[in-house]
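Enquirer: With the input below, show me the fold.
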Amino acid sequence: MRAHVRSLVDAAWFKRLIVLLILVNGATLGLETWPEVLAEHGTALRALDRALLWTFVAEIALRLYAYRRAFFRDPWNLFDLAVIGIALLPATGPFAVLRVFRVLRVLRLLSAVPSLRMVVTGLFRALPGMASISLLLALLLYVAGVVATKLFQQGSPRHFGDLWTSLFTLFQIMTGDSWSTIARDVMEHQPYAWTFFIVYILVSTFIALNLFIAVAVEALEHGSGRAREREGGEREEGAPAAAVPAPARPVDAEVLAELRALRGEVAELRRALPR
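Expert: Presented below is the predicted three-dimensional model:
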């Protein structure tokens, strides 16, 4: 019985059905944000939402039955279990705010779609490298904040009045939001302030932020390479064994005797030749 359930939850059509139901559930949750649609079809949408929720509960139960303890060794299974568990919490009274978290069910696409799962796994693998770059960026931001506060505090107190204001302004400039407006405001009092902003943008945006992208891309490429190797290994394991060639027939004893005699004659000729 367990083997049949396991073949069911591992079937490609079953996984595609779950992905389709997740998409439908995401659409219903989006429709509930429209007051007109909710007023006219609210009862049907809520009924469909509950039906989909219990369908997902049944799916999790089938996977638990099929894999037993192995279910909890897969982080994606734990993710699905947590998402469905949050959706089952009461959404009335003081817990009414938890209704907002129903949209987390759409995130199950991350575990249901292999390509999305590979992307998320690659990003998690890149976290150590990103942590180092984040520390570098924080140091850059702090140093630039102290320098900008010392230089522009008097001329532009709105943007650089104190250290915290300077840090927020520099973070805004790092994202590219209205940096030219801030720079021109400072340059009205200090014309050469543009040098600071140009250097800061070059270092923070064109170098530091691109390092994040480089680390993420490298992790994704590494993850996709490992996935291809794993798929290749599984394909080789599942492929029928190649036909083993039959061992060569033993050479006749007469042929072996002739070869030995010929080798002996060659040896005698070598001894007879003058050295």
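Enquirer: only C-alpha atoms for contact and neighbour calcs from this point on.
Expert: Will do.
Enquirer: how far out from the middle of the chain is the host helix or strand of residue 61?
Expert: Assigned by DSSP states H and E, residue 61 falls within helix 35-67. Put simply, helix 35-67 sits 27 Å off its chain's centre (C-alpha atoms, centre = their mean, to the nearest Å).
Enquirer: In terms of secondary structure, what does it contact?
Expert: Of the remaining helices and strands, those touching helix 35-67 by 3 or more C-alpha pairs under 8 Å, 6 or more residues apart in numbering; DSSP states H and E are helix 2-9, helix 12-31, helix 75-88.
Enquirer: Now do that helix against helix 2-9, angle only.
Expert: If you take axes from the mean of the first three to the mean of the last three C-alpha atoms, to 10 degrees, helix 35-67 sits at 150 degrees to helix 2-9.
Enquirer: buried set for helix 35-67?
Expert: 42, 45, 49, 52-53, 56-57, 60, 62-67 (16 or more other C-alpha atoms under 10 Å).
Enquirer: Which residue is the nearest non-sequential neighbour of the residue sitting nearest the centre point of the chain?
Expert: For the chain, the residue nearest the mean C-alpha position is residue 120 (1.5 Å; C-alpha atoms, centre = their mean). Excluding its sequence neighbours, the residue lying closest to residue 120 (C-alpha to C-alpha, 6 or more residues apart in numbering) is residue 110, at 7.5 Å.
Enquirer: can you check residue 26 too?
Expert: That would be residue 106: by C-alpha to C-alpha, 6+ apart, it lies 5.5 Å from residue 26.
Enquirer: Now render the helices and strands packed on helix 35-67 as CSV, adding mean neighbour count and distance to residue 160.
Expert: Output for the helices and strands packed on helix 35-67, formatted as CSV (neighbours: other C-alpha atoms under 10 Å; distance: least, C-alpha to C-alpha, whole Å):
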stretch, mean neighbour count, distance to residue 160
helix 2-9, 14, 59
helix 12-31, 16, 42
helix 75-88, 16, 43
